[in-house]
Each structure stands twice: as structure tokens, then as C-alpha cells.
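Visitor: this one's structure only:
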């Protein structure tokens with residue numbers, strides 16, 4: 001498939017994506033510099049050029065300016081569609097070169113590097129005034145190899161790009177985090193690691209739990225820790241999940257390490273670790289809790305503070321048992337101070353006072369998380385800091401097993417004081433059905449919570465955008481659906497990942 005696959009006509013007039021004279025700064029997810037937010041929607045299970053699960057990403061330009069289909073079938077994108085690559089398994093957006101146009105990070109953790117199966121890679125696709133992947137800068141590749149950006153050597157099942165996160169530090173420097181949870185550390189299989197890519201020079205630092213970078217990283221590299229499975233960041237801090245971390249003899253209890261973006265010799269500084277074996281953290285370590293399987297983080301400013309130097313970190317514990325309710329799930333919220341100390345501020349589950357719904361076995365509450373601070377330069381409140389919690393195992397009756405749902409709670413104050421609940425047929429899509437797994441795909445923007453529904457009946461498969469203050473069961477204000485408004489009708493799991 002030669003050239004960019006562009007489909008115009010999304011909105012009146014069919015205006016092309018190229019619309020801006022210069023890329024303005026400050027607009028989040030603006031790939032073509034026209035001052036309007038754009039949306040990236042991945043289908044990592046898509047068949048591309050007849051190749052199953054090669055994966056693709058749809059770029060929906062804001063303001064009705066068209067749709068771009070991004071995949072390895074394009075001449076301008078390195079590689080070629082291969083079975084099981086799952087291009088788009090992870091996505092992030094940031095301005096890598098500080099030109100004012102947003103750039104897209106695409107992870108393909110199951111990409112084969114040469115003959116090395118599932119080594120994985122990451123692409124940075126640059127935005128421009130002509131649109132994404134249409135300017136002078138070629139796609140930047142990150143994968144293991146002596147001639148490539150990550151160095152070292154590719155290994156089977158490293159899964160580079162399983163998770164990605166990106167943004168700009170409080171000092172204004174761009175950063176990119178790349179998770180590699182299948183990385184072997186020495187002879188320790190699946191211990192996991194991540195790469196910190198700092199600044200416009202894109203200086204790469206490799207970090208595992210056995211690395212001493214500006215201080216010791218919490219924990220020790222152990223088999224199946226899967227350090228780097230989840231990532232979250234703010235301008236001051238970032239966190240790395242290890243949901244397979246064993247605490248003592250308790251397997252897959254899970255843990256989280258958190259860091260500062262302040263660099264020493266280009267390395268981020270480790271600040272501390274979190275786990276349910278600590279006296280100041282609620283709960284007890286249990287087999288299969290998977291503390292850290294999902295993470296979300298926002299800037300936090302306390303009342304009376306004159307700058308925003310703290311962060312709120314939400315940690316998903318989807319395998320948490322609540323008394324005898326197995327795998328009901330929970331979320332714990334922590335405040336990270338500028339000096340590296342932490343305080344637990346909330347424990348949230350569906351049995352928490354005044355929180356809608358009730359905990360049931362197999363809900364996996366906290367399997368996915370997305371959070372927003374709509375006013376990061378003002379005192380944080382329950383209105384401005386919100387957390388969306390995916391509950392993909394939720395079911396209302398035996399006929400609609402695992403239809404899923406999404407709980408929205410404040411990050412400041414009592415979780416049940418202003419919580420909202422949406423699920424299939426009650427805000428999300430026209431009707432419930434089995435195995436929709438609503439809540440398996442969440443994304444936060446300053447104005448909207450995106451809920452991707454990649455599974456279930458065709459009429460419900462879409463990406464739904466809800467205001468963060470939506471009432472329980474309220475309708476979305478934006479719906480992006482295959483076959484509508486210029487979005488291709490092909491695909492398998494449209495909306496599995498959204499940014």
C-alpha cells in the first residue's frame with residue numbers, strides 16, 4: 001500500500017488535515033498544528049493487507065479535517081505488517097521535538113526483530129503543519145540492537161513497547177517512557193525494565209530493578225516481576241508498575257516504583273516504592289492481587305501552595321479479594337510529595353461508602369485507569385481532579401456476563417461524595433451484551449473521558465467521549481464509530497487503545 005491512506009469528508013466541506021501556518025504550542029494532541037485536538041484510536045487486532053492482528057491506528061483530526069489510517073503497510077512507516085505484531089497495542093502523545101505540533105508514540109510489543117520473536121519496538125511519528133507523518137521528519141524507531149536507539153540485543157518476548165507514557169517535565173523537557181516487561185535481567189526471566197528517553201536529544205537510559213541510577217531502584221529483579229508493565233507520569237514524577245512482583249513468598253502481589261524527572265547524569269532519580277506489605281499502605285499482600293497492573297497520575301496542588309510540585313497516583317489492584325469476594329478489585333490513591341515521600345489518601349472499591357454499585361467476584365475493578373486534573377495550576381479539588389476506573393468484569397445479570405462498566409470518582413475528598421457510574425445501555429452504547437468488557441479501554445483529555453468499546457455487538461463498538469461531570473447513565477457528547485464520518489468500517493477491535 002503506497003503512500004498515506006487518507007480519507008476526507010469527516011465534517012462539512014471535507015477540509016484536508018493540513019490547515020495551520022505554524023504549530024501553536026499548548027494544545028494537547030494537536031498533530032497538524034491547527035489548534036484543535038485530534039484523537040488517535042488503535043485497533044491492534046486489525047487485519048492489514050490480509051495479515052491478521054498486524055494492527056493499525058486511526059487518526060481522527062479535530063474540526064472535521066479527515067481521518068488518517070496509520071500502519072506498517074505505508075511506505076513511510078518502517079517495517080511491514082506481520083501476523084500478531086499488534087501495532088498500536090500502546091499509544092502516547094507528546095511534543096518530542098518541541099516544534100508545537102504533537103507527535104504520536106506507537107508501541108508494537110509483539111514485533112519480531114529479525115528472527116527474534118516478540119522483541120517489540122516503538123515508533124515516534126512526528127506531527128507537522130501538513131498532518132501526522134506528513135512533514136520532513138521520518139518516523140523514529142526505538143528497538144533493541146547495536147545500531148538502534150535502545151542498544152543491547154533483542155531477546156524473545158521482551159515486549160518492548162508494551163506500555164508507553166510521554167509528556168513534558170516541569171523544566172520543559174520532553175520525555176518518553178518505554179516499558180519492556182518481558183526483559184530478562186541477567187539470567188532472570190521476565191524481570192522487566194523500562195527505558196527513559198530524555199530531551200530533544202532523546203538520550204536513552206535503561207532501568208531495571210537491579211540498576212543503580214542516581215540511587216537504587218526499589219525492589220530486586222525477580223522472575224515474572226514484569227517491571228514496566230504499566231507507566232504513568234506528571235511533569236514532576238513518574239511511576240512504573242510491576243504487577244508480578246512477589247512480596248516475600250506471595251507471588252504476583254505486585255508493586256510500584258516511583259521516580260523524579262530530575263536527572264543526574266541523564267538518569268531519573270528513584271524516590272521510593274509502594275506495596276501492600278508496608279504498614280502505612282492499606283490491605284495485605286495476597287497471591288494474584290497485581291498491585292500496579294494499572295496506573296494513573298495527575299499533578300496536585302494543595303491549598304495555599306504557590307506551585308504544583310506534588311502528584312496524585314492511582315494504583316489499580318484488579319485481583320484484590322474483598323473478604324470472600326474473589327478478584328473484586330480495588331484502587332489505592334497516593335500523594336507523592338516533591339521530596340519523594342508518599343501518603344495514602346484513599347482506598348476505593350465498590351463497597352466503599354456511597355460508591356455506586358457493589359463488589360462482585362470477577363469484577364476486576366481497577367483493571368484500567370484514567371485521570372485528569374483540569375486545572376493543574378490551581379488548588380486541586382474534587383471537581384478538577386477526577387479518576388475513571390474500568391470494571392470490565394462487571395455484570396448486571398447472567399445474560400450479560402462481563403458487560404463491564406466505568407466508575408468515575410473524585411481524587412480529592414471522599415470517593416462516594418460525587419461518584420458517577422456508566423455502563424452498556426446506561427450511557428455507554430445502545431444496549432448491554434455479554435463480553436463487551438466496557439472499561440477495558442480508557443483515556444483522559446482535559447475535557448473528555450474516552451471510553452473505548454472494542455468488543456460486543458457491532459452497533460455498540462465505538463469510542464465514546466463523556467464530560468468528566470457526566471451524570472450517572474448520562475449520554476456521551478462525542479461518538480467516533482467505524483463506518484461513520486470518514487472512519488473506515490474495517491477493523492476488529494477499534495478503540496482498544498485511545499489517546
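Guide: Right, received. Where do you want to start? Just so it is clear, the structure is predicted and the values come from calculations on it, not from any experiment. Numbering: from 1, shown residues only.
Visitor: how far does stretch 477-488 sit from the chain's center?
Guide: Shown here is stretch 477-488, whose average C-alpha point lies 22 Å from the average C-alpha point of the whole chain (C-alpha atoms, centre = their mean, to the nearest Å).
Visitor: list the buried ones in it?
Guide: Judged by neighbour count (16 or more other C-beta atoms under 10 Å), stretch 477-488 contains these buried residues: 480, 481, 482, 485, 486, 487, 488. (Glycine included, C-beta is placed from N, CA and C.)
Visitor: Can you get me a residue count around residue 168?
Guide: Counted with other C-beta atoms under 10 Å, the burial measure for residue 168 works out to 16 neighbours.
Visitor: you'd agree it is up against residue 95?
Guide: Yes - counting by C-beta atoms under 8 Å, residue 168 does reach residue 95; the two are 6.9 Å apart.
Visitor: okay, and the common contacts of these two?
Guide: Common contact partners of residue 168 and residue 95 (C-beta atoms under 8 Å, 6 or more residues apart in numbering): residue 174.
Visitor: among the buried residues of stretch 477-488, which one has the lowest pLDDT?
Guide: Summarising pLDDT for the buried residues of stretch 477-488: the lowest-scoring member is residue 485, with 91.
Visitor: and it, what element?
Guide: Residue 485 belongs to no helix or strand when elements are defined using DSSP states H and E.
Visitor: Equivalent analysis for residue 277, please.
Guide: For residue 277, there is no enclosing helix or strand under DSSP H and E.
Visitor: what about the closest residue to residue 192 other than its chain neighbours, distance to residue 159?
Guide: Taking C-beta to C-beta, 6 or more residues apart in numbering as the measure, residue 192 lies nearest to residue 227, with 3.3 Å between them; neighbours along the chain are not counted. Here residue 227 is placed at a distance of 12 Å from residue 159 (C-beta to C-beta, to the nearest Å).
Visitor: Which one's more surrounded, the two?
Guide: Higher neighbour count among residue 227 and residue 159: residue 227, with 34 against 27, using other C-beta under 10 Å.
Visitor: Tell me how far residue 332 lies from residue 256.
Guide: Look at residue 332 and residue 256: by C-beta to C-beta, they are 10 Å apart.
Visitor: Overlap in contacts, those two.
Guide: In contact with both residue 332 and residue 256: 291, 315, using C-beta under 8 Å, 6+ apart.
Visitor: Looking at these two, which is more packed in?
Guide: Shown here are residue 332 and residue 256; by other C-beta under 10 Å, residue 256 has more neighbours (28 against 25).
Visitor: From residue 237, how far out is residue 298?
Guide: When residue 298 is compared with residue 237 (using C-beta to C-beta), they lie 10 Å apart.
Visitor: any shared contact partners between those two?
Guide: The overlap between the contact sets of residue 298 and residue 237 (C-beta under 8 Å, 6+ apart) consists of residue 311.
Visitor: neighbour count winner among the two?
Guide: Regarding residue 298 and residue 237, a neighbour count based on other C-beta under 10 Å identifies residue 237 as having more, with 29 against 24.
Visitor: In contact with the more buried one: list those residues for me.
Guide: By C-beta under 8 Å, 6+ apart, the contact set of residue 237 is 258, 259, 260, 261, 271, 297, 311, 313, 336.
Visitor: Just the buried residues of these.
Guide: For the contacts of residue 237, burial is judged from neighbour counts taken by 16+ other C-beta under 10 Å, and it is met by 258, 259, 260, 261, 271, 297, 311, 313, 336.
Visitor: For those residues, name the two members farthest from one another.
Guide: Of all pairs drawn from the buried ones among the contacts of residue 237, the greatest distance, 14.3 Å, lies between 261 and 313 (C-beta to C-beta).
Visitor: circling back to that earlier point, who touches both of residue 227 and residue 159?
Guide: Here residue 227 and residue 159 share the contacting residues residue 181, scored by C-beta under 8 Å, 6+ apart.
Visitor: Need the single longest strand in the chain, by residues.
Guide: Assignment by DSSP state E gives strand 255-264 as the longest strand of the chain.
Visitor: For the contacts of residue 237, please prepare TSV with the additional fields pLDDT and distance to residue 185.
Guide: Below are the contacts of residue 237 laid out as TSV (pLDDT from 0 to 100; distance: C-beta to C-beta, whole Å):
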residue	pLDDT	distance to residue 185
258	98	20
259	97	18
260	96	23
261	96	23
271	96	21
297	98	25
311	98	27
313	98	24
336	98	26
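Visitor: Thank you kindly, that will do.
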